[in-house]
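Novice: No letters, just coordinates:
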């Protein structure tokens, strides 16, 4: 595709349910990032994949959060046993190589009720 | 933790005026980037300046970088109402595969 694609655009879930958020990066991009943004706030780093290196998971807020990137392409962010404080916009970005311009998807707005 | 810190947090100017936004960071960097965000969704890359560069221009944008002070500024000249958005600086710390971290952003309002 032409850009980074995220799905779903919006997700409403009940507290305690698990959710999966999907990111399709730009083809050929080796770096993939996940960020979280609460209303009116900055971007909170979650996890970073770069090529075949071990992912940098230092930003994941708890063990309820996990992410994988299959075949160096599509990535899935999973949140288990969702809590109300997980409500935010989850943004995915990719870049051709590390340390270069990042291209963002439009995000998934997650609401936990 | 936030690597970059922008200031001011909010800026309101009249159309036609220049807007200056600042960013400070803590560690050595490969490069510093500025992004724009409309309506709380995806960010758009504006400009990248490498650690060995001091100034860069792109259209109405001018970015400076002072590595000795660990700071950068973004100048938007002849602002337009359409420039109203949130602006973020992002840093790529020194290292081969370092992650990109963002500041909290600056809200710019340009009054018509």
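Specialist: Received it, and whenever you're ready, just let me know what you need. Just so you know, these numbers come straight off a predicted model, no measurement behind them.
Novice: So which residues on chain A come close to chain B?
Specialist: Within chain A, the positions lying close to chain B (CB under 8 Å from any CB of the partner chain) are A:4, A:31, A:33, A:35, A:37, A:39, A:41-43, A:45, A:48, A:50-51, A:53, A:56, A:89, A:91, A:93, A:95, A:98-107. No exception for glycine: its C-beta is placed from N, CA and C like everyone else's.
Novice: Can you tell me which of the residues you listed end up in strands?
Specialist: Judged by DSSP state E, strands contain the following of the residues of chain A next to chain B: A:31, A:33, A:35, A:37, A:45, A:48, A:50, A:89, A:91, A:93, A:95, A:103-104.
Novice: what's the most distant pair in the residues you listed?
Specialist: A:50 and A:89 (23.3 Å; CB to CB).
Novice: ok so, going back, show me just the buried residues among the residues of chain A next to chain B.
Specialist: A:4, A:31, A:33, A:35, A:37, A:42-43, A:45, A:48, A:50, A:56, A:89, A:91, A:93, A:95, A:98-107 (16 or more other CB atoms under 10 Å in any protein chain shown).
Novice: what bridges to residue 36?
Specialist: With no chain named, the answer covers chain A. Per DSSP bridges, the residues bridged to residue A:36 are residue A:44, residue A:90.
Novice: wait, chain B
Specialist: Counting by DSSP bridges, the residues bridging with residue B:36 are residue B:44, residue B:87.
Novice: Let me know whether it touches residue B:84 as I believe.
Specialist: No - Residue B:36 is not in contact with residue B:84 according to CB atoms under 8 Å; the separation is 10.1 Å.
Novice: what does the helix or strand that residue B:110 is a member of contact?
Specialist: If you go by DSSP states H and E, residue B:110 is part of strand B:106-111. Applying CB atoms under 8 Å, 6 or more residues apart in numbering or on different chains, the contact partners of strand B:106-111 are B:6-15, B:19, B:21, B:76, B:79-88.
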